[in-house]
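K.L.:
mind folding the following:
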Amino acid sequence: MSRRLLIVLTATLIARTTFATTQPSPRDSASILAMIDRAPEGARVLVPPGQYSGHLHIGKTVSLDGGGLVTIDGGADGTVVEISAPGVTFSGFTVRGSGTRVEREPAGIRATAPGVTIEDCVLEDVLFGIDLKGAANSRVQRNTISGKDLEPGRRGDGIRLWWSPDCTVQDNRVSGSRDMVFWYSENLTVRRNEVTHSRYGLHFMYSHSTTLTGNVLRYNSVGIYLMYSNNITLTGNTLISNRGSSGYGIGLKDCDNIVLQSNALLANRVGAYIDNSPSSVGSTGIVRDNFIAYNEIGILLTPNTHDNVISGNGFIENEEQAGVHGRGDLTLNRFSHQGRGNYWSDYAGFDQDADGIGDLEYRAASLFESLLAREPSLRLLVHSPAQQAIEFTARALPEMRPDPKFIDPSPLMKPPSVEVTALLSSSPRGMALSAAGLLLAGAGALSLFGRSPRLPHPAAIAGRESR
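P.N.:
Below is the predicted model of the structure:
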């Protein structure tokens with residue numbers, strides 16, 4: 001045997017040996033099921049590292065731990081992991097490869113029993129991500145979920161709760177899904193989740209008595225949308241560049257007793273949209289101390305919307321600060337509370353007694369905005385000489401001035417300070433947006449005699465995300 005041939009054969013053997021060492025054949029997930037069957041009820045089962053193929057059904061109350069080193073691949077067929085026993089903990093796994101037939105709703109992980117904990121998992125290439133049905137008192141936390149590469153209309157939900165009250169959903173990261181949706185599930189805690197490049201970031205239907213805190217919704221069609229859900233508080237959430245066909249940062253429809261407080265709504269098509277909320281007699285909506293900046297429309301309400309108290313908010317450099325969805329006005333709502341109104345970056349009044357309240361009321365009576373409500377296509381003329389000409393005409397000819405959409409009797413001279421949680425990122429984009437956030441937070445300190453600083457638009461700083 002020649003020396004050259006010997007070298008080639010040796011190299012081939014080494015390559016095959018290395019491949020066999022680094023790329024072991026997947027084991028069948030039935031081996032995990034065998035470990036569960038041998039374990040006593042309530043035991044902790046540590047699954048050996050490696051790749052496992054097939055589906056896993058957990059029908060016994062155990063704590064199953066993959067240690068971050070176990071992958072279960074469903075082979076693009078059906079639901080990968082199903083949990084039907086109460087009190088199961090499933091943690092530290094990578095789950096991938098669900099089916100794609102949406103009528104069967106295949107998921108990465110589905111739980112149909114109460115008291116389940118799903119944590120520290122990575123879900124990849126799954127139609128539905130984590131699906132809870134009848135799983136009250138469960139926890140879904142610290143999971144990373146990415147959907148299949150499909151058109152938005154064919155995607156499944158990243159996280160879905162159906163008839164699962166008293167659950168906690170926190171510290172999850174979801175991208176490329178349809179919605180993170182909550183149906184008929186009350187008394188939820190939803191906090192510090194991040195949803196990007198999806199349809200609705202957080203979507204509530206008939207789910208009452210819930211708190212949403214510190215969530216980050218970026219680059220979705222809609223950030224947070226609440227429908228027919230009452231007694232919900234949204235605090236400290238950050239909504240950036242949600243710019244789909246509706247493009248709401250926060251949307252409310254037929255909801256009672258909603259509190260929006262200390263949220264940051266930046267560069268959305270519409271910062272906050274309110275449709276017939278509150279819808280019941282004696283109910284009140286509270287919109288206070290939010291930072292609403294650089295949206296096409298800061299806050300948009302339907303004409304039949306009433307009994308909202310809108311105060312302490314900072315409306316900064318929105319193309320339209322507050323609008324009516326259709327003809328009408330917003331006089332059935334109050335734009336101040338206990339002598340405290342809102343900060344408006346286009347307010348031209350003064351504060352001679354230095355009490356922090358403008359001496360003149362803020363009147364939303366723009367002729368161009370009045371025309372825009374009747375003919376939305378005129379939005380193409382925003383910031384154009386045509387808009388300026390129309391507004392000049394209204395100032396020169398008082399008889400052409402429209403009635404105000406609303407009046408803020410106590411405009412603030414400084415905006416609120418709101419933490420922008422979405423911008424705590426080490427990426428160049430995140431750092432650029434962080435700089436924009438700091439500029440926004442400092443706007444109040446720089447404002448003088450009712451004039452706000454001309455700050456750069458966040459999109460100009462960070463660049464637009466391709467959708």
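
K.L.:
list the buried residues in stretch 329-348.
P.N.:
Buried residues in stretch 329-348, counted by 16 or more other Cβ atoms under 10 Å: Asp329, Leu330, Asn333, Arg334, Phe335, Ser336, Gly341, Asn342, Tyr343, Trp344, Ser345, Tyr347. C-betas here are computed from N, CA, C, even on glycine.

K.L.:
the first one against Lys405, yeah?
P.N.:
Going back to what we said before, that points to Asp329. Yes. Using Cβ atoms under 8 Å, Asp329 makes contact with Lys405 at a distance of 4.8 Å.

K.L.:
against Val309, how distant is the nearest residue to Pro278 once chain neighbours are set aside?
P.N.:
Of all residues beyond its chain neighbours, the one nearest Pro278 is Asp256 (4.5 Å), with distances taken as Cβ to Cβ, 6 or more residues apart in numbering. Counting by Cβ to Cβ, to the nearest Å, the gap from Asp256 to Val309 is 14 Å.

K.L.:
for Trp183, same thing?
P.N.:
Taking Cβ to Cβ as the measure, Trp183 and Val309 are separated by 29 Å.

K.L.:
show me the contacts for Gly99.
P.N.:
With contacts defined as Cβ atoms under 8 Å, 6 or more residues apart in numbering, Gly99 is in contact with Gly74, Ala76, Asp77, Gly78, Thr79, Pro106, Leu127.

K.L.:
export the residues you listed to a markdown table and tack on pLDDT?
P.N.:
As requested, those are exported to a markdown table (pLDDT from 0 to 100):
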| residue | pLDDT |
| --- | --- |
| Gly74 | 97 |
| Ala76 | 96 |
| Asp77 | 96 |
| Gly78 | 96 |
| Thr79 | 98 |
| Pro106 | 97 |
| Leu127 | 97 |
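
K.L.:
can you pick the most crowded of those residues?
P.N.:
Leu127 (26 neighbours; other Cβ atoms under 10 Å).

K.L.:
wait, doesn't that one sit right on Gly147?
P.N.:
Yes. At 7.0 Å, Leu127 and Gly147 qualify as touching, with contact defined as Cβ under 8 Å.

K.L.:
show me where pLDDT drops low in this structure?
P.N.:
For the chain, applying pLDDT under 70 flags the ranges 1-24, 365-383, 386-403, 421-467.

K.L.:
that one: helices as residue ranges?
P.N.:
Per DSSP state H, the chain carries helices over the ranges 3-22, 30-38, 367-374, 385-396, 428-441, 443-446, 458-462.

K.L.:
number of nearby residues for Leu266?
P.N.:
Applying other Cβ under 10 Å, I find that Leu266 has 30 neighbouring residues.

K.L.:
got the contact list for the spatially most central residue of the chain?
P.N.:
Closest residue to the average C-alpha location of the chain: Leu217 at 2.9 Å, with Cα atoms, centre = their mean. Counting by Cβ under 8 Å, 6+ apart, Leu217 makes contact with 194-196, 201-202, 223-224, 237-240, 242, 249, 422.

K.L.:
and if you look at Val70?
P.N.:
Val47, Pro48, Pro49, Gly50, Gln51, Tyr52, Gly92, Phe93, Thr94.

K.L.:
bridged to it, which residues?
P.N.:
With DSSP bridges as the criterion, Val70 is bridged to Gly50, Phe93.

K.L.:
what's opposite Arg362 in the beta bridge?
P.N.:
Quick fix: residue 362 is Tyr, not Arg. Judged by DSSP bridges, the bridge partners of Tyr362 are Asp408.

K.L.:
isn't it right up against Gly349?
P.N.:
Yes. With contacts counted by Cβ under 8 Å, Tyr362 reaches Gly349, the gap being 7.3 Å.

K.L.:
which of the two has more neighbours?
P.N.:
Tyr362 (27 against 16).

K.L.:
gap between the more buried one and Leu266?
P.N.:
In this structure, Tyr362 and Leu266 are 22 Å apart, going by Cβ to Cβ.

K.L.:
Ala39: how many residues sit nearby?
P.N.:
As a burial measure, Ala39 scores 15 neighbours (other Cβ under 10 Å).

K.L.:
quick check: neighbours shared by Leu127 and Gly147?
P.N.:
Residues touching both Leu127 and Gly147 (Cβ under 8 Å, 6+ apart): Arg155, Gly156.

K.L.:
tell me what Thr146 is bridged to.
P.N.:
Residue 146: Ser, not Thr. So, taking DSSP bridges as the rule, Ser146 has Ser175 as bridge partners.

K.L.:
identify the residues contacting it.
P.N.:
Contacts of Ser146 (Cβ under 8 Å, 6+ apart): Leu123, Glu124, Asp125, Val174, Ser175, Gly176, Ser177.

K.L.:
got it, and Lys60?
P.N.:
The contact partners of Lys60, by Cβ under 8 Å, 6+ apart, come to Ile36, Asp37, Ala39, Glu41, Ala85, Val88.

K.L.:
just the buried ones out of those residues, please.
P.N.:
Listed as buried from those are Ile36, Ala85, Val88; burial here means 16+ other Cβ under 10 Å.

K.L.:
ok so, going back, any chance of CSV for the contacts of Lys60, columns distance to Tyr206?
P.N.:
Shown next, in CSV, are these (distance: Cβ to Cβ, whole Å):
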residue, distance to Tyr206
Ile36, 35
Asp37, 39
Ala39, 39
Glu41, 35
Ala85, 28
Val88, 27
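
K.L.:
show me which pair in the residues you listed is furthest apart.
P.N.:
Greatest spacing in those, by Cβ to Cβ: Asp37 and Val88 (14.3 Å).

K.L.:
what about the nearest residue to Val95 once chain neighbours are set aside, neighbour count?
P.N.:
In space, Val95 comes closest to Gly108 once its chain neighbours are excluded; the distance is 4.5 Å by Cβ to Cβ, 6+ apart. Look at Gly108: counted by other Cβ under 10 Å, it has 33 neighbours.
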